[in-house]
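1. Return atomic coordinates for the entry below.
(chains A and B)
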Amino acid sequence: MPSDLKIEAKSSIPKKVVVGLDPNDPPCKLFSITQYQCTPLGGRVTCWPLERIFRQCGDNKPSIEVTNRLKSKDDEALIVDPKFIENPPKARNWNDYRGA
Amino acid sequence: MASPYFRLRNVFSRYRPPPLLPTTIRTIQILATLHLVSTTLVELRICTGFSMLPTLSQHGDCVLVSPLPYWSPFSEKHTRSNRPKRGDVVVATSPMDPSQTVCKRVVGIEGDLIEIEPRRGNQRKWIDNAGVGFMVDVPQDIELEGHDENSHISHEELMRKPKRNGEGQWVKVPKGHVWLVGDNLSNSTDSRKYGPVPIAMVKGKVLARIYPNPAWIENNLRQIDE
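-> Next comes the predicted model:
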């Protein structure tokens, strides 16, 4: 890979606008952590942001990642899939996945 | 006639250590002080590699790391207030090679349910000017710029890769652990590979980039307003 790569964070990609919590879950809130997918293209490193969305119900409570479980509510607002909230994934330990 | 005791005392009182000794002692004192400062206050480290792009450069950024944000005067245990927080960039001992350290971002803390692999989309083959092919990570619904018939760069859609490891799988971060992930999900060896990391392996919080382009390294967790 060339050493003179330039980093370009893509800003033209519309970010997900995630607002509008499910009114049935007033104590819950969403927060995001921005990460990226970077790849060398044409001598530059191009980075696309990936907003990781988490749902937390109560301060100092554990959160659950809902990045890929969002549904469109209207044009701009996204909500967490109610089915996912009703049936969250079973909590599994790392060893259960990796069999270590 | 002086007694043997006084003669011995005279010999010792006239003894002068060679100049090498105080220099050595002073050097050891300085090194001990530096070690004390670097392990308890702040230290400079070089973070190299592609895993923290674009937050940190792949060429090796000099960063300021401090264990103080995670230090408690009353206990060696990490209490709720002084443990790593979601969104912090930290330096930790590498679980793959304890002689190395890694710079990663805390994405989950104990009790959190984290999707091991949040990425979706394709990997495509990209052929650069020199005709070298790369597998590149392209998010869903992103059109690659410069892709037209006349472009000197060409890409071809390969078959959709089978599901990535960890897609649709949630792991619970156990007590006393954190989930560390590089900002560049496309090129990072992190908790997706080695699992949750004990908090005891976190050496400190990355506070700022010193060189090049000095800047604070901020916690990028953002509340989403209703």
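2. which non-adjacent residue is nearest the closest residue to chain B within chain A?
-> Relative to chain B, the nearest point of chain A is residue A:62 (3.3 Å; Cβ to the nearest Cβ). (Glycine included, C-beta is placed from N, CA and C.) Excluding the flanking residues, the one nearest residue A:62 by Cβ to Cβ, 6 or more residues apart in numbering or on different chains is residue B:111, at 3.3 Å.
3. In chain B, spot the helix with the most residues.
-> Looking across chain B with DSSP state H, the single longest helix is helix B:20-40.
4. Could you check the following helix or strand past that helix and say which residues are buried?
-> Moving toward the C-terminus from helix B:20-40, the next helix or strand (DSSP states H and E) is strand B:43-47. Using 16 or more other Cβ atoms under 10 Å in any protein chain shown as the test for burial, strand B:43-47 gives B:43, B:45, B:47.
5. out of the residues you listed, who's nearest chain A?
-> Closest approach between the buried residues of strand B:43-47 and chain A, by Cβ to the nearest Cβ: residue B:47, at 14.6 Å.
6. What residues does that closest one make contact with?
-> With contacts defined as Cβ atoms under 8 Å, 6 or more residues apart in numbering or on different chains, residue B:47 is in contact with B:56, B:60, B:61, B:63, B:91, B:103, B:206.
7. Mind putting the residues you listed into CSV with neighbour count?
-> Shown next, in CSV, are the contacts of residue B:47 (neighbours: other Cβ atoms under 10 Å in any protein chain shown):
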residue, neighbour count
B:56, 25
B:60, 14
B:61, 22
B:63, 23
B:91, 21
B:103, 25
B:206, 24
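8. among these, which are in strands?
-> In strands, defined here by DSSP state E, the members of those are B:61, B:63, B:91, B:103, B:206.
9. Need the per-residue pLDDT for the first one.
-> Reading off the confidence values, residue B:61 has pLDDT 93.
10. one step back: now for the ones in strands among the contacts of residue B:47, which pair is the farthest apart?
-> Using Cβ to Cβ, the pair of the ones in strands among the contacts of residue B:47 lying farthest apart is B:61 and B:91, separated by 12.0 Å.
11. avg pLDDT for the longest helix of chain B?
-> Mean pLDDT, computed over helix B:20-40, is 88.
12. Name all residues that make contact with the nearest residue to residue A:84 once chain neighbours are set aside.
-> The spatial neighbour of residue A:84 that comes closest, neighbours along the chain excluded (Cβ to Cβ, 6+ apart), is residue A:69 at 4.2 Å. Listed by Cβ under 8 Å, 6+ apart, the contact set of residue A:69 reads A:80, A:81, A:84.
13. Can you say which of those are buried?
-> Buried among these (16+ other Cβ under 10 Å): A:80, A:84.
14. between the contacts of residue A:69, which is nearest residue B:215?
-> Lowest distance from residue B:215 to these (Cβ to Cβ) belongs to residue A:80, with 33.6 Å.
15. How many residues are close by the nearest residue to the closest one once chain neighbours are set aside?
-> Counting by Cβ to Cβ, 6+ apart, the nearest residue to residue A:80 once its immediate chain neighbours are dropped is residue A:66, at 4.8 Å. Residues near residue A:66, counting by other Cβ atoms under 10 Å in any protein chain shown, number 22.
16. Distance of residue A:66 relative to residue B:28?
-> 55 Å (Cβ to Cβ, to the nearest Å).
17. in chain A, which spans are helices?
-> Counting by DSSP H, the helices of chain A are A:82-86, A:94-98.
18. Counting neighbours, which bits of the last one end up buried?
-> Within helix A:94-98, the residues scored as buried using 16+ other Cβ under 10 Å are residue A:94.
19. In a markdown table, list the buried residues of strand B:43-47 along with pLDDT.
-> Converted to a markdown table, the buried residues of strand B:43-47 look like this (pLDDT from 0 to 100):
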| residue | pLDDT |
| --- | --- |
| B:43 | 90 |
| B:45 | 92 |
| B:47 | 93 |
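20. No further queries at this time; thank you.
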